[in-house]
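Colleague: I would like the atomic coordinates for the input below:
(one chain, ligands or ions: 1)
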Amino acid sequence: MHDDVHLTEGRVSRVLKERLWPAVHTIAAPVSVDWHELPGEPIPPTEGLALTYEKVEVGTDWGPAWGTTWFRITGTVPAEWAGRRVELVCDLGFDVNKPGFQCEGLVYTPDGEPIKSLNPRNQWVLVASEAVGGEEVELFLEAAANPVLLDYHPFLPTQEGDIRTSSPKKLYTTRRIELAVFEEDVFELCLDLEALHELQVELPEGPRKSHILQAIDDALDRVDLQQIAETAASARSALTGVLEATSHDSAHQIAAIGHAHIDSAWLWPVRETIRKVARTTSSMTELLGEDPDFRYGMSSAQQYAWLKEHRPEVYAKVKAAVAEGRFIPLGGMWVESDTTMPSGESLVRQFLYGQRFFESEFGIRCRGVWLPDSFGYSPALPQLMKRAGFEWFFTQKISWNQVNKFPHHTFEWEGIDGSRILSHFPPMDTYNSRLSGQEVAKASRQFRENRLATGSIAPVGWGDGGGGTTREMAGKARRLRDLEGSAQVSWRHPDDFFSEARAELAEPPVWVGELYLELHRATLTSQHLTKQGNRRCEHLLVEAELWSATAALRGLVDYPYDELDALWQQILLQQFHDILPGTSIAWVHREAAAQYARVAEAATALIERSLTALAGEGTVALRADGRSGAVTAAEPVAAVSVIEQDGAYVLDNGIVQVTVSAEGLITSALDLATGRDAIPAGAEANLLQLHQDFPNMWDAWDVDRFYRNRVTDLREVTSISVTPDGLVIERPISADSSTTQVLSLAPGSRVLDISQSTEWHETEKFLKVAFPLDVKAEQTLAETQFGYHRRPTHTNTSWEAAKFETSMHRWVLASEPGFGVALVNDSTYGFDVTRPSALTTEVRLSLLRAPRFPDPETDQGVQTHRYGLVIGASVAAATEAGAALNTPPRPVSGARSVEPLVTVSGEGLVVSSVKLAADRSGDLVVRVYESLGARTSGELRVSAAYATVSEVSLLEDSITAVTSQDRVVPLRLDAFEIRTLRFHRVEE
Ligand SMILES: [Zn+2]
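Modeller: Numbers count the residues shown, from 1 in each chain. Sure thing, here's the model as predicted:
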């Protein structure tokens, strides 16, 4: 017979788009609309409802960027609508192609109860599920004019990303606000046709595809386009046969979970996220009420805490749905943080504060870590997740790799210490599924474990602030429950999916080491103040806990639980995966810098208060070591003097000798004991290099490989001078930018210290500082949380070649047997490594970038860095130097020295935290880890009375009792193992 697939496909596409979908709300009645426009910051709903409102016509422009417009909508349900479902339909000027990036609204009853959000793909609010006719309607709408920043031509610089620079122009025009009858048959017909049409596109030629096409034609033949509502039921009956055909036994099983991926800040400020959470959760609790099978998952304790504080009425609904097991808290973290840059203690606190919140509010703990969107995953995570009690890990981000395709979807991920955790990447490759035929078929086709396993996860809903799951998606899921030719879709708790995956895969494949994202590599550098603030604050908070615990256990101060919790939570929020990576709008980073300054000041005040209590009032010059917890007499230390010699400058302390050329470049760095020079003959280190840096997309996120091809070596010197602080080198970077470095060497130290201050006024440039090293390093070792990464220096395979920019914490080490050189830093995270020759290694630190999207002024102004060259370094020396640079000793005047509260001995053992327990019992919690990557033993001594000791999880739950004698606990640790001990308070 004659067949034309395209004719049917064209027909169903057009009829759906132009006739059937619009016919869902055809019968309409007008309403009166009044408004009150509020430029600037939002106000609480109670104040919004009490505003004075003025009449406005639909079709009026509204909303300057970031403003809020309150609408009051009143009307009467026509008498003839009795018995029908009536909805308010509201089009605020939405662009349906940009579900998460524009205006949104939240609808309230006159007594202030939020009902449901309005989003580009969700433009209705229920008025009456079965109208009586004649009822009066009064609703309020809080509409947010969030500007579109990621436009059709994406990544263009824009000033709209900060309320201080955005234009007053009105961005949106209301298009439709009216009451309408919801035509259920038409709606269901649309979903039938859409599901079948999308399914047949994915099917091979054959009977099933043909049957569906024929049924679609039959159904469309029955639709009278002038009387759609009246003929929809008949059209649906033509589809019953193909919709009732059930799937085959080996159909892929999709565990769907409602999802919205609400970024805690990104192309909007934190204050807007608070409202996005309220909008989304209002709609999701509404959908849970409408569809008994639906389940919705939301991560981030912080977002629940915002809801509790700002929209308690919605929070009450969420709480009830959580109790039913249908609104599912996910991830167990404070926010969906970056995991590459936060310190080990920060990640522990992400879990600690996250799980404590879920436990106290809902009586549950999350069993899995949910991080769909963070930019790569640290190899320390498996151990941290295990020790925090998690059973599984979920992300999809690695599907964004530029080059290499990740080989597994369900697998065990093994970290640096050997811990393994069951992990899953959805083969659909998205965290914003709408359950399209294409996505569902892709999951089933791409799933890498198809031989042995049967299922995958699908996070379903408009994300990135887009409002979550819609009733259309829920309707799609109903049709795909058991449909011939499709994977089977059911709403599931991810915990259940993982339990089944574990049962199916007796021996899952294993991936060892970091989950490196082959994209967004520049997130290790963009927005330097944000990086610097994070690094400083996380160290200050650990130090504040140490001194506070020491002073509190000696009865000198009350432990500042409330202050420390609030300060930690602020730092944890800013580790969100678009704040710490530097990929948010200017507004977000401006506020982040202010918060870091506030936290640093408050943490410093806590440290000083405890130190004053411990050291007493006095004038003795003391030195407080924030790592050991000891306060000792201070000995004056001056940098070694710089000697001018044959047109060069020499810094020599008897341990190392560094020679700097007249151009300010390091030509030699001798380890005097071995005679080894860290710098290859003829090479120059401390060379600043400026690259052009204009990636193909995602400016703040990406640096593309070709950036290397264009480089300017900054050799020009404005001045070079010897001062008591060290050798001061000033050099221009360009006509607009310049930098000053101070090179100094302390007595007894192997570290050449470099303090740099840069006037940075560049556009789309990348500043690096290069250190060619006379070391034949097969690998570099770079610090991560509680240990280090090993990465090959070669580019034998595409996997290594793709890692042309990688991460570190406080140090990176290049070494060969017998000799090594490390670079330490106080505020950078990115570096690259190359092999200039077979025998040498070049390490470059990434200092500054200047992308123009989403913040057109990224990093402009004065920026400071401190880093150092450790000459003759081992892992232990690098670890020590990195820690010393980030927690320098502080001068204190007092009356007496102070014994440390906790001391540890044993090769490679490092104390990472000394604090009082989060449950405020007064117990002391001490965390140690093995830093060298070797098995070790040692002991931990506590100079305070305690009743018993137990080993506890990262959440401070007791695991086993530990024996101790004379306040000494013997320790035996495996490579990179983390141990947390809890010293129970003596009951008074
Ligand atoms: Zn995200």
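Colleague: what's the spacing between Trp568 and Ile416?
Modeller: According to C-beta to C-beta, to the nearest Å, Trp568 and Ile416 sit 25 Å apart. For glycine as for every other residue, the C-beta is placed from the backbone atoms N, C-alpha and C.
Colleague: What strand or helix carries the residue in the stretch 601-750 of the chain positioned nearest to the ion?
Modeller: The shortest separation between the stretch 601-750 of the chain and the ion is 11.3 Å, found at Trp701 (distances taken as C-beta to the ion). Per DSSP states H and E: Trp701 is located in neither a helix nor a strand.
Colleague: Could you shift the numbering so residue one becomes 48, and keep it that way?
Modeller: With the count now opening at 48, the last piece we talked about shows up as Trp748.
Colleague: Now do the contacts for the nearest residue to it once chain neighbours are set aside.
Modeller: What sits nearest to Trp748 in space, not counting adjacent residues and going by C-beta to C-beta, 6 or more residues apart in numbering, is His567, at 4.2 Å. Contacts of His567 were listed using C-beta atoms under 8 Å, 6 or more residues apart in numbering, and they are 422-423, 447, 628, 630, 745, 748-749.
Colleague: cutoff 7 Å now
Modeller: Under the criterion of C-beta atoms under 7 Å, 6 or more residues apart in numbering, the neighbours of His567 are 422, 745, 748-749.
Colleague: What of Val105?
Modeller: If a contact means C-beta under 7 Å, 6+ apart, then Val105 has 80, 221, 223-224 as its contacts.
Colleague: so which of the residues you listed also contact the ion?
Modeller: With C-beta under 5 Å from the ion as the criterion, the subset of these in contact with the ion is empty.
Colleague: Show only the entries of those found in strands.
Modeller: Secondary structure assignment by DSSP state E places 80, 223-224 of these in strands.
Colleague: now, which of the residues you listed sits nearest Ser480?
Modeller: Within the ones in strands among the contacts of Val105, distances to Ser480 taken as C-beta to C-beta reach their minimum at Arg223, with 28.0 Å.
Colleague: what's across from the closest one in the sheet?
Modeller: Listed by DSSP bridges, the beta-bridge partners for Arg223 are Asp138.
Colleague: In terms of pLDDT, where does it sit?
Modeller: pLDDT for Arg223: 97.
Colleague: can you check the one 3 residues further on too?
Modeller: Here, the pLDDT recorded for Leu226 equals 98.
Colleague: can I assume it is in contact with Ala175?
Modeller: No. Taking C-beta atoms under 7 Å as the contact criterion, Leu226 and Ala175 are not neighbours in contact, 9.6 Å apart.
Colleague: Looking at those two, which one has more neighbours?
Modeller: Neighbour comparison, Leu226 and Ala175: the larger count goes to Leu226, with 24 against 18 (by other C-beta atoms under 10 Å).
Colleague: Skipping its backbone neighbours, what lies nearest the more buried one in space?
Modeller: In space, and not counting its chain neighbours, Leu226 is closest to Ala76: 4.6 Å by C-beta to C-beta, 6+ apart.
Colleague: So Met520: helix, strand or coil?
Modeller: Following DSSP: H, G, I helix; E, B strand; the rest coil, Met520 is assigned to helix.
Colleague: got the residues of the stretch 248-397 of the chain near the ion?
Modeller: Counting by C-beta under 5 Å from the ion, the residues of the stretch 248-397 of the chain lying close to the ion are Asp310.
Colleague: residue ranges of the helices in the stretch 248-397 of the chain, please?
Modeller: Counting by DSSP state H, counting those that start in this stretch, the stretch 248-397 of the chain has helices at residues 254-269, 275-284, 287-291, 317-337, 348-357, 359-370, 391-409.
Colleague: which one of those helices lies closest to Arg539?
Modeller: That would be helix 317-337 among those, by C-beta to C-beta, at 14.7 Å.
Colleague: Number of residues surrounding Val758?
Modeller: When neighbours are counted by other C-beta under 10 Å, Val758 registers 14.
Colleague: Who is it paired with across the strands?
Modeller: His738.
Colleague: so who does it touch?
Modeller: Applying C-beta under 7 Å, 6+ apart to Val758 gives the contacts 736-738.
Colleague: which among those gets closest to Arg988?
Modeller: Gln736 (47.7 Å).
Colleague: and the closest one, which of the three is it?
Modeller: Under the three-state scheme (three-state DSSP), Gln736 adopts strand.
Colleague: correct me, but it touches Asp760?
Modeller: Yes. In terms of C-beta under 7 Å, Gln736 counts as a neighbour of Asp760; the distance is 5.8 Å.
Colleague: ok, the two, which is more surrounded?
Modeller: It is Gln736, of Gln736 and Asp760, that has more neighbours when counted by other C-beta under 10 Å, with 16 against 13.
Colleague: The more buried one - nearest residue in space that isn't next to it in sequence?
Modeller: That would be Lys815: by C-beta to C-beta, 6+ apart, it lies 4.8 Å from Gln736.
Colleague: just Leu527 next, same as before
Modeller: Setting aside the residues directly before and after it, Leu527 is nearest to Val536 in space (C-beta to C-beta, 6+ apart), at 3.9 Å.
Colleague: And Asn497, what's its pLDDT?
Modeller: At Asn497 the predicted local distance difference test score is 96.
Colleague: Near Ala75, how many other residues are there?
Modeller: For Ala75, the neighbour count with other C-beta under 10 Å is 13.
Colleague: swap that for Trp315, please
Modeller: Here the number of neighbours of Trp315 (other C-beta under 10 Å) works out to 26.
Colleague: Look up how far Glu592 lies from it.
Modeller: Per C-beta to C-beta, Trp315 is found 33 Å from Glu592.
Colleague: Gln642 now?
Modeller: Spatial separation of Gln642 from Glu592 under the definition C-beta to C-beta is 19 Å.
Colleague: And for Ser60?
Modeller: With distances defined as C-beta to C-beta, the gap from Ser60 to Glu592 amounts to 61 Å.
Colleague: which residues are in contact with both of Leu226 and Ala175?
Modeller: Here Leu226 and Ala175 share the contacting residues 124, 133, scored by C-beta under 7 Å, 6+ apart.
Colleague: ok, and the closest non-adjacent residue to Ser791?
Modeller: Once its chain neighbours are removed from consideration, Ser791 has its nearest residue in Gly773; the separation is 3.0 Å (C-beta to C-beta, 6+ apart).
Colleague: Got the phi and psi for that neighbour?
Modeller: Recorded main-chain torsions at Gly773 are phi 140, psi -160, according to degrees, to the nearest 10.
Colleague: for it, what are its contacts?
Modeller: Taking C-beta under 7 Å, 6+ apart as the criterion, Gly773 is in contact with 686, 689, 789-791.
Colleague: Out of those, give me the one that has the most neighbours.
Modeller: Ranked by the number of neighbours (other C-beta under 10 Å), the contacts of Gly773 place Leu790 first, at 26 neighbours.
Colleague: For it, which non-adjacent residue is spatially closest?
Modeller: Nearest non-adjacent residue to Leu790 (C-beta to C-beta, 6+ apart): Leu774, at 4.4 Å.
Colleague: Equivalent analysis for Glu134, please.
Modeller: Once flanking residues are discounted, Glu134 sits nearest to Trp171: 4.5 Å by C-beta to C-beta, 6+ apart.
Colleague: Confirm for me that that neighbour is in contact with Val136.
Modeller: Yes. Counting by C-beta under 7 Å, Val136 is a contact partner of Trp171 at 5.4 Å.
Colleague: residues contacting the residue nearest to Leu226?
Modeller: For Ala76, the set of contacting residues under the criterion of C-beta under 7 Å, 6+ apart consists of 122, 125, 225-226.
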